[in-house]
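**Q** Sequence below, structure please.
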Amino acid sequence: MGPAGRRGAAAAGSPGLGREAAGRDPAGAGSPRIRARGPRSSARQVRSTGDSSAASKRSAAAWGYTPDRFVLQLVPGAGRRAPAIHRGAGAQQPASARPGPAVLTLSAPPQIVSLGAGLDSLYFCLKSEGLLGRAVFFEIDFPEVAARKAALINELEELAALAGSSTFAEGPGTVKCSGEDYRLLGVDLSDLPRLEEVLLVAGMDPRAPTILLGEVVLTYMEVERSDALIEWAAQHFLQAWFVLYEQIHPEDPFGRIMQNHFRRLKSQLRSLACYPNCEAQQMRFLQRGWTECSIMDMNEFYRCFVPHDEQQRIQGLEPFDEFEEWHLKCSHYFILVAVKDGEALSSTPPVFPGMKDKGAVRLLLPVLVGVARKASVMDGFCPSLRRYGHRSVLLAPHMVLTTGGFGDHGGRHGRLTELHVLFKDKDSWRSGSRCLSLHLPDARLFHTVTFLQAGWAVVLGGRKSPVNPAMALCRLRVLEAAGSLALGSPIIELTPLPPAKDLVLPRWRHTATEIMYQGEAYLFVYGGCSTGQSVLADWCFLHLEELCGRQIPVEGHVPAGRHSHSACGWQGGVLIAGGLGTFEQPLGTILFLRPAQCGFQWHRVETRPQLTPRWQILQTCRRVRSWPQASSCNSHTLVGVAVLRYHLSLFLAEPDKMEGLPTQWKAPQPVEGEIPFQTKEPVEKPSCSEMVALGLAASRGHLRC
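**A** Predicted coordinates:
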């Protein structure tokens, strides 16, 4: 089920995705289990988030995202999570375990220490697959959590056999379970003297190569105590790797809501303010005795270190259309590996091979391309602007029509059917419209609305859910625009159109651009997503008078498929920019479907310097202009209606002069104003430098006006 089926239950504060925003998995796929010293009730709240995280891992395993049968035994009966939560768990598990193969091959018997292990099943997975070798696995958590897990292991025959447990301790002791290569310890990580004592009793050897794992753990401790733990580990072990998976970027809307959510749960994210980004986290370890430190966000890890065949397998597990939320969540979590130098360390394979060479594909922070000159506040409260996944079009001079999308209706989130009109009245914008139709507009997301030279707009494609595409074609036009404006409410006529013949697959996240060919008007439909196919590479020329697909010759190398791209008409052809490719990687290419002697021809526009890969971008007539989207979404978001005056940023040569000529572009210059913005569905009048941005998405489930 896609976002339209889940966000109705979403609480705005959760950094989880989809319906998990109600607080069932507030840490995504992490495992928050360590408390700072404080009230016992607060510690209980932190432990409950660990249970929720374990339930998410169980759901991911049940749906085939991870080959983990043991979590199904440790966490029985948990409900199904959202697809984006499943993906988070599927990506997080190999990230946390990545140093394992390099360390387990060392000549000296290594040690693995799982900090705040909770109901994690990594030990049993490694042991059952014969990957543990001679390593000894230590798990540490609150005494009551460790005791509960020890009791579960003792009751489950397969787990008890793998642990080879000779001791199952009951009562106040710290060693809850002890086997040949497994130790389950109950101790508070904030108490370093006690922690060191317990590890020594359990057989920990400070001279042995040691991996320390922390999945959303340190952030729940007071900063001075978590810093002390990092420094203690660097001093205590001769050879060590510290693997940390936690949150970053508290400064943007997603980060602020994430923090507020955990505050309400009385499990505050304490490290975020001091270490808000990857650079700060990296310096945190380097300044506390660690020799090397590699770090990347989960978007980069997923692209660079999850094999393409595994990505394809994951894409086929269940319908998925939550790309914005998925990329946004991944941009707020990182994987860090710090290394403490030792004798055998120089011969150990790198944890992230080739990482220094991958800077070109790393997701960049968004560049502020402009600021809003003023934000127009309309008369009264306008809940119908609380939407995203919608489409807007300039339907008449100074009149913007918005259709579809997902947003707030009557206090509940869902797909929207209302048509929303903004029209300019003197120096301000007003809203309001009446729809003249016997048929209500259907609720759809990620469709296209293309204003035609004939004076009306055509609605094509979109979806109701990832398995239910929107099929109907519709025509929209303004009736008696001048007279209706005098009455204060434009009248919009909606007319269902006959089904198009010979049209390509139903799709969403595509583009539809009007072009002329041999004196007749066509709609060039390109790319997008469809049921069963996450990325489409085909296209169609829809004859607008007969509403049928026609074959028009197209020469040149067929470009790779993409969705969530942008397109506009230019010099008789179509410019296409950005998008997400086959493996959900942001694209930085610009394509030009240029008129040819017979039909059209694909041409790739080379830019110098190369454009930053991005998707969900804005592209305007005779120019290309784009803003980073959720793939690198760490910026502020302006929600409501804003008017922007901007400078051009891309200069294209004439089509007959483009062959072999790189396109020059320059970074746009900031303009007067004070509100940074990130648009979702802007609309520009080509003859004017004024652009209206409306119905913008905030982060998570919060849609504001």
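
**Q** Just give me the neighbour total for residue 455.
**A** 10 (other Cβ atoms under 10 Å). Yep, even glycine has a C-beta here, placed from its N, CA and C like the rest.

**Q** What distance do you get for it to residue 498?
**A** Distance from residue 455 to residue 498, counting by Cβ to Cβ, to the nearest Å: 20 Å.

**Q** Repeat that for residue 158.
**A** 61 Å.

**Q** which of those two has more neighbours?
**A** Using other Cβ under 10 Å as the criterion, residue 158 and residue 498 rank with residue 158 on top: 13 against 10.

**Q** now the helices for the stretch 1-150 of the chain?
**A** Remark: helices assigned in the stretch 1-150 of the chain by DSSP state H, counting those that start in this stretch are 40-62, 70-74, 83-96, 100-104, 122-128, 143-155.

**Q** closest to residue 312 out of those helices?
**A** Evaluated over the helices of the stretch 1-150 of the chain, closeness to residue 312 peaks at helix 83-96, with 13.0 Å, by Cβ to Cβ.

**Q** hang on, the earlier thing: so which of the helices of the stretch 1-150 of the chain is the most surrounded?
**A** For these, average neighbour numbers computed from mean count of other Cβ atoms under 10 Å are highest in helix 83-96, which has a mean of 26.

**Q** so what's the closest residue to residue 143 other than its chain neighbours up against?
**A** Setting aside the residues directly before and after it, residue 143 is nearest to residue 186 in space (Cβ to Cβ, 6 or more residues apart in numbering), at 3.2 Å. In this structure, residue 186 makes contact with 140-147, 173-176, judged by Cβ atoms under 8 Å, 6 or more residues apart in numbering.

**Q** can you put those in TSV and add pLDDT and distance to residue 415?
**A** Shown next, in TSV, are the contacts of residue 186 (pLDDT from 0 to 100; distance: Cβ to Cβ, whole Å):
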residue	pLDDT	distance to residue 415
140	97	46
141	95	43
142	92	43
143	92	48
144	91	44
145	93	41
146	94	46
147	92	47
173	67	56
174	84	53
175	86	54
176	89	50
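
**Q** Counting by contacts, list what the helix or strand where residue 424 lies packs against.
**A** Using DSSP states H and E, residue 424 sits in strand 420-425. Judged by 3 or more Cβ pairs under 8 Å, 6 or more residues apart in numbering; DSSP states H and E, strand 420-425 is in contact with strand 399-403, strand 428-431.

**Q** Return the list of strands paired to the longest one, each annotated with direction.
**A** Partners of strand 399-403 in the sheet, by DSSP bridges, are strand 391-396 (antiparallel), strand 420-425 (antiparallel).

**Q** Could you check the pLDDT of the nearest residue to residue 506 once chain neighbours are set aside?
**A** The shortest distance from residue 506 to any non-neighbouring residue, by Cβ to Cβ, 6+ apart, is to residue 469 (3.7 Å). In this model, residue 469 is scored at 94, pLDDT.

**Q** Could you check how far residue 469 is from residue 190?
**A** Shown here: residue 469 relative to residue 190, a distance of 53 Å by Cβ to Cβ.

**Q** what's the answer for residue 247, then?
**A** 20 Å.

**Q** Comparing those two, which shows the higher neighbour count?
**A** residue 247 (26 against 20).

**Q** Distance check, the more buried one against residue 336.
**A** 12 Å.

**Q** what's the answer for residue 82, then?
**A** With Cβ to Cβ as the criterion, residue 82 and residue 336 are 26 Å apart.

**Q** Averaging pLDDT per element, find the lowest-scoring helix or strand in this protein.
**A** Lowest by mean pLDDT, DSSP states H and E among the helices and strands of the chain is strand 675-676, with a mean of 32.

**Q** can you pull up the bridge partners for residue 393?
**A** Counting by DSSP bridges, residue 393 is bridged to residue 401.

**Q** Correct me if wrong: residue 66 contacts residue 88.
**A** No - assessed by Cβ atoms under 8 Å, residue 66 is found out of contact with residue 88, at 11.1 Å.

**Q** picking that back up, Serialize the helices and strands packed on strand 420-425 to TSV and add fields for distance to residue 53, mean neighbour count and mean pLDDT.
**A** Putting those into TSV (distance: least, Cβ to Cβ, whole Å; neighbours: other Cβ atoms under 10 Å; pLDDT from 0 to 100) gives the following:
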stretch	distance to residue 53	mean neighbour count	mean pLDDT
strand 399-403	38	24	90
strand 428-431	43	17	79
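
**Q** Take those strands and write them to TSV, including distance to residue 292.
**A** Shown next, in TSV, are those (distance: least, Cβ to Cβ, whole Å):
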stretch	distance to residue 292
strand 399-403	51
strand 428-431	54
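
**Q** So for residue 506, which of those strands sits nearest?
**A** strand 399-403 (17.5 Å).

**Q** which stretches of the stretch 151-300 of the chain form helices?
**A** 157-163, 192-201, 223-236, 253-264, 278-286, 298-305.

**Q** Need the contact partners of the first one.
**A** Looking back up the chat, that one is helix 157-163. For helix 157-163, using Cβ under 8 Å, 6+ apart, the contacting residues are 70, 73-74, 123-124, 127-128, 152-154, 177, 179, 182.

**Q** who's in contact with the residue lying closest to residue 137 once chain neighbours are set aside?
**A** Leaving aside its sequence neighbours, residue 137 sits nearest to residue 123 (Cβ to Cβ, 6+ apart; 4.4 Å). Residues in contact with residue 123 (Cβ under 8 Å, 6+ apart) are 112, 114, 132, 137, 139, 162-163, 182.

**Q** 10 Å - rerun?
**A** Residue 123 makes contact with 70, 112, 114, 117, 132, 135, 137-139, 153, 159, 162-163, 179, 181-184 under the criterion Cβ atoms under 10 Å, 6 or more residues apart in numbering.

**Q** pretty sure residue 529 contacts residue 537?
**A** No - at 11.5 Å, residue 529 and residue 537 do not qualify as touching, with contact defined as Cβ atoms under 10 Å.

**Q** More neighbours: which of those two?
**A** Neighbour count, other Cβ under 10 Å: between residue 529 and residue 537, residue 529 has more, with 28 against 16.

**Q** where in the stretch 201-350 of the chain is pLDDT low?
**A** 342-350 (pLDDT under 70).

**Q** same thing with the stretch 51-200 of the chain?
**A** Within the stretch 51-200 of the chain, the ranges that satisfy pLDDT under 70 run 96-107, 165-173.

**Q** So which bits of stretch 416-434 are buried?
**A** 416, 418-424, 429-433 (16 or more other Cβ atoms under 10 Å).

**Q** for the residues you listed, which one is nearest residue 329?
**A** Within the buried residues of stretch 416-434, proximity to residue 329 (Cβ to Cβ) peaks at residue 416, which comes in at 23.9 Å.

**Q** what pLDDT, on average, does the helix or strand containing residue 593 get?
**A** Assessed by DSSP H and E, residue 593 sits inside strand 590-596. Mean per-residue pLDDT for strand 590-596: 96.

**Q** could you check the angle strand 590-596 makes with the helix or strand that it is followed by?
**A** Using DSSP H and E, the next helix or strand after strand 590-596 towards the C-terminus is strand 599-605. Going by axes from the mean of the first three to the mean of the last three Cα atoms, to 10 degrees, strand 599-605 is angled at 150 degrees with respect to strand 590-596.

**Q** Quick one: mean pLDDT for strand 599-605?
**A** 95.

**Q** and the next helix or strand after it, what other elements does it pack with?
**A** Next along the chain after strand 599-605, taking DSSP H and E as the criterion, comes strand 607-608. Where contact means 3 or more Cβ pairs under 10 Å, 6 or more residues apart in numbering; DSSP states H and E, strand 607-608 is packed against strand 663-665.
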